[in-house]
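Peer 1: quick one, structure for this:
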Amino acid sequence: MSLSTASLRKSYGASRALNGVSFSAASGRAHGLVGANGAGKSTLVKILSGAIRPDSGSLTVGDWTGSALTPRLAQHLGIATIYQDPGLAPTLGIAENILLGRERHRFGALLATGSQMSDVKDCLDHVGLTRPLRTPAGALTPADQQLLEIAKAVYRRASTVIMDEPTAALGDADRQRLFEVVRRMRSSGVSIIYVSHHLQEVIDLCDDVTVMRGGEVVLQASTHDTCVDDLVTAMIGHTIPPRKAEAQPLGEVALSCRGLSQAAGLHDVSFDVREGEVLGISGLVGSGRSRLARAIFGIEPIDAGTMTLYGRPYQPRSPREAVKRRVGLVPEDRKRDALLMFLSAGKNITLPRIPVRHLGWIRLRSEAGIAKKWIAQLGIHPPNPRTPPAAMSGGNQQKVVIARWIQAGSRLLILDEPGQGVDVGARDQILTAIRAAARGGAAVILISQEVEELQQIADRVLVMRKGRIVGEITRDDISEETVIPLAMGSMEHAPGKGSPV
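Peer 2: Numbering: from 1, shown residues only. All right, here's what the predicted structure looks like:
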């Protein structure tokens, strides 16, 4: 079923999120929707899902035309929206999540009929999800949670499926699984609206693409007639020159780890990182990258091994101790683990080092000045330090967290997937800020599964697999050909391109 909008407008106070957006998605085609953080994509998706009403304009879904949708009407018209953070009931099983709201009632109990369970199994087979039906949704991997959301849409016979950053938390193998499901849905006549910051992914997977900037549509094209550079130029108004990490003078060893082990998933991890160095750590999802970051920051204890920080023993029992030693962590899940979403951006930024007067009074003018400096330096939007992160796009939320730890004077800065869910322009600003922090003397550990990101900024890369470091790759040899085989275990080290640590 085709879907289209005409001249949609939506404002939040003085801020205009959509300014006359006309958009259409045809049956049996995948339509990419891209744009910088804050371009209006999320607002458009929320209008299409019925979560919010536009101020003006119209929508057409098949034979229906109107000024606004509600969630119930959108579902009735065959629209299913799959958000970046799956909307599943984590304690309910796979089958229960699919049937939620459509169970049969018998003697006051909610029961699933045999035909319903047969349909559920057919939907799961269609998307390739093979876990037991009673498995709680919260116990599934991010990739399987995405497949479960798609199975829900298939069960409800959705004719239009909107996917908002579906691969943001997925590794390469899981992405390929998801792409195959998307292609099968498209071939069965379903209309796919695919929102992503991975531009090459959009070109490879989608038939058409729409680019938004500043609440307006600035490009509509067939993906066969466009390329990544065209999309970048349309998104941010200019091209981004290729970036390549350059050799920098390094200082003393900042962090030294020897034999770090955890029963839960780290095994004999040893490495050093020096002042002024950006050390990349890569590996597949579940390789131990994030667990290592949490151990260094004092979130998780280590069972064996030692660490020193600038030559002094270091084994933090809590993040508080790590912060006192000027260690900062930008976690993978910024909303859950880093941001106070309804506190102002200014207070979020100054949280580790609040300027106070004698007797503990907060120096509000100094606090605002610090926040404004970093808001301007990182290009955070909106630029008002009173704006809470809840009112910001994902890329700007990420900048707030990064600003927090840079302004705190972190001597060791750990960043776990800093480019996740961030548009190409914001990612360039973030990488620039990270390299500037390293030039200022900070030691940086950058965790990423995006090889291109590591090529642009890392001095060297350690590759992890099954909780171990399985290889080291020097700056000039960082590539998919050297990183991915190590991560997947198809070689124990990259001959001539680095060696095991």
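Peer 1: every contact and neighbour count from this point should use C-alpha atoms.
Peer 2: Will do.
Peer 1: which residues of this structure score low on pLDDT?
Peer 2: Flagging of the chain using pLDDT under 70 yields the residue ranges 102-114, 239-245, 354-363, 490-501.
Peer 1: can I see the domain layout of it?
Peer 2: Split into domains by automatic domain parsing, the chain comes to 3-236, 248-325+447-501.
Peer 1: just grab the bridge partners of the closest residue to Glu277 other than its chain neighbours for me.
Peer 2: Closest residue to Glu277 apart from its sequence neighbours, by C-alpha to C-alpha, 6 or more residues apart in numbering: Ala443 at 5.4 Å. Per DSSP bridges, the residues bridged to Ala443 are Leu412.
Peer 1: and Ala443, how many residues sit next to it?
Peer 2: 28 (other C-alpha atoms under 10 Å).
Peer 1: again, but for Glu452
Peer 2: Neighbours of Glu452 using other C-alpha under 10 Å come to 14.
Peer 1: what does the one 5 residues further on give?
Peer 2: By other C-alpha under 10 Å, 22 other residues sit near Ile457.
Peer 1: I figured it hits Ile281, correct?
Peer 2: No - using C-alpha atoms under 8 Å, Ile457 makes no contact with Ile281, being 11.9 Å away.
Peer 1: do you know which of the domains of the chain lies nearest Val422?
Peer 2: Val422 lies closest, by C-alpha to C-alpha, to one member of the domains of the chain: domain 3-236, at 6.5 Å.
Peer 1: what about the closest one, distance to the chain center?
Peer 2: 16 Å (C-alpha atoms, centre = their mean, to the nearest Å).
Peer 1: possible to save the domains of the chain as TSV with distance to Ser366?
Peer 2: Below are these laid out as TSV (distance: least, C-alpha to C-alpha, whole Å):
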stretch	distance to Ser366
domain 3-236	27
domain 248-325+447-501	21
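Peer 1: so which of the ones you listed comes closest to Ala390?
Peer 2: Of the domains of the chain, nearest to Ala390 by C-alpha to C-alpha is domain 3-236, at 12.5 Å.
Peer 1: who are the packing partners of the host helix or strand of Leu329?
Peer 2: Under the criterion of DSSP states H and E, Leu329 resides in strand 327-330. When contacts are defined as 3 or more C-alpha pairs under 8 Å, 6 or more residues apart in numbering; DSSP states H and E, strand 327-330 packs onto helix 394-407, strand 412-416.
Peer 1: counting contacts, what elements does the longest one pack onto?
Peer 2: When you say that, I think you mean helix 394-407. So helix 394-407, by 3+ C-alpha pairs under 8 Å, 6+ apart, packs with strand 327-330, helix 334-337, helix 345-350, helix 364-378, helix 424-439.
Peer 1: how would you label Cys316: helix, strand or coil?
Peer 2: Just to correct that, residue 316 is Pro rather than Cys. What DSSP: H, G, I helix; E, B strand; the rest coil gives for Pro316 is coil.
Peer 1: find the helix or strand that Leu59 is a member of.
Peer 2: Applying DSSP H and E, one finds Leu59 within strand 56-61.
Peer 1: kindly export that strand (C-alpha atoms) in PDB.
Peer 2: What follows is strand 56-61, C-alpha atoms only, in PDB (Å, rounded to 0.1, in the frame of the first residue of the first chain):
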ATOM      1  CA  SER A  56      -1.000  21.500   8.900                       C
ATOM      2  CA  GLY A  57      -0.800  19.400   5.700                       C
ATOM      3  CA  SER A  58      -2.300  16.000   4.800                       C
ATOM      4  CA  LEU A  59      -1.500  12.300   4.700                       C
ATOM      5  CA  THR A  60      -2.700   9.600   2.300                       C
ATOM      6  CA  VAL A  61      -2.500   5.900   3.000                       C
END
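Peer 1: thinking again about what came up before, and the contacts of the strand holding Leu329?
Peer 2: With contacts defined as C-alpha atoms under 8 Å, 6 or more residues apart in numbering, strand 327-330 is touched by 293, 297, 322, 338, 401-402, 405, 410-416, 418.
Peer 1: by neighbour count, which of these wins?
Peer 2: Leu412 (31 neighbours).
Peer 1: export the helices and strands packed on strand 327-330 as JSON lines, with columns for distance to Ser261.
Peer 2: Formatted as JSON lines, these follow (distance: least, C-alpha to C-alpha, whole Å):
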{"stretch": "helix 394-407", "distance to Ser261": "27"}
{"stretch": "strand 412-416", "distance to Ser261": "19"}
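Peer 1: can you mark which positions in stretch 124-135 are buried?
Peer 2: Leu124, His126, Val127, Gly128, Leu129, Leu133, Thr135 (16 or more other C-alpha atoms under 10 Å).
Peer 1: now the helix or strand containing Arg72: buried residues?
Peer 2: Here Arg72, judged by DSSP H and E, is contained in helix 71-76. By 16+ other C-alpha under 10 Å, the buried positions in helix 71-76 come out as Pro71, Ala74, Gln75.
Peer 1: could you say what helices and strands that helix packs with?
Peer 2: helix 41-49.
Peer 1: report the angle between the axes of the helix it packs on and strand 56-61?
Peer 2: Counting by axes from the mean of the first three to the mean of the last three C-alpha atoms, to 10 degrees, helix 41-49 lies at 60 degrees to strand 56-61.
Peer 1: need the contact list for Ser191.
Peer 2: Counted by C-alpha under 8 Å, 6+ apart, Ser191 has contacts Met1, Ser2, Ala25, Ala26, Ser27, Gly28, Arg29, Ala30, His31, Ser159, Thr160, Val161.
Peer 1: please tell me how far it sits from Ser115.
Peer 2: According to C-alpha to C-alpha, to the nearest Å, Ser191 stands 27 Å off from Ser115.
Peer 1: equivalent analysis for Cys206, please.
Peer 2: 34 Å.
Peer 1: between those two, which one's more packed in?
Peer 2: Cys206 (23 against 9).
Peer 1: partners of the helix or strand Met163 falls within, with directions?
Peer 2: Here Met163 sits within strand 160-164, counting by DSSP H and E. Taking DSSP bridges as the criterion, strand 160-164 sits next to strand 79-82 (parallel), strand 191-195 (parallel) in its sheet.
Peer 1: you'd agree Val234 is in a helix?
Peer 2: To be clear, residue 234 is Ala; Val isn't right here. Yes - counting by three-state DSSP, Ala234 is located in a helix.
Peer 1: for it, what are its contacts?
Peer 2: Contacts of Ala234 (C-alpha under 8 Å, 6+ apart): Val211, Met212, Arg213, Val218, Leu219.
Peer 1: these, buried ones only, as a PyMOL selection?
Peer 2: A single PyMOL command suffices to select whichever of the contacts of Ala234 are buried according to 16+ other C-alpha under 10 Å:
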select buried, resi 211+212+213+218
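Peer 1: just flag the most distant two among the contacts of Ala234.
Peer 2: Arg213 and Leu219 (9.2 Å).
Peer 1: which residues in the stretch 151-300 of the chain form helices?
Peer 2: 172-187, 199-205, 228-236, 289-296 (DSSP state H, counting those that start in this stretch).
Peer 1: just checking, what packs against the shortest one?
Peer 2: Judged by 3+ C-alpha pairs under 8 Å, 6+ apart, helix 199-205 is in contact with strand 30-35, helix 228-236.
Peer 1: what do you get if the cut-off is 10 Å, keeping everything else the same?
Peer 2: When contacts are defined as 3 or more C-alpha pairs under 10 Å, 6 or more residues apart in numbering; DSSP states H and E, helix 199-205 sits against strand 30-35, helix 172-187, strand 191-195, strand 208-213, helix 228-236.
Peer 1: buried set for the longest one?
Peer 2: By that I understand helix 172-187. For helix 172-187, by 16+ other C-alpha under 10 Å, it's Asp174, Arg175, Leu178, Phe179, Val181, Val182, Arg183, Met185, Arg186.
Peer 1: the strands paired with strand 160-164: which one's closest to Pro316?
Peer 2: strand 79-82 (39.0 Å).
Peer 1: give me the residues contacting that closest one.
Peer 2: 1, 3, 45-46, 48-50, 61, 71-75, 87, 146-147, 149-150, 152-154, 156-166, 191-194 (C-alpha atoms under 10 Å, 6 or more residues apart in numbering).
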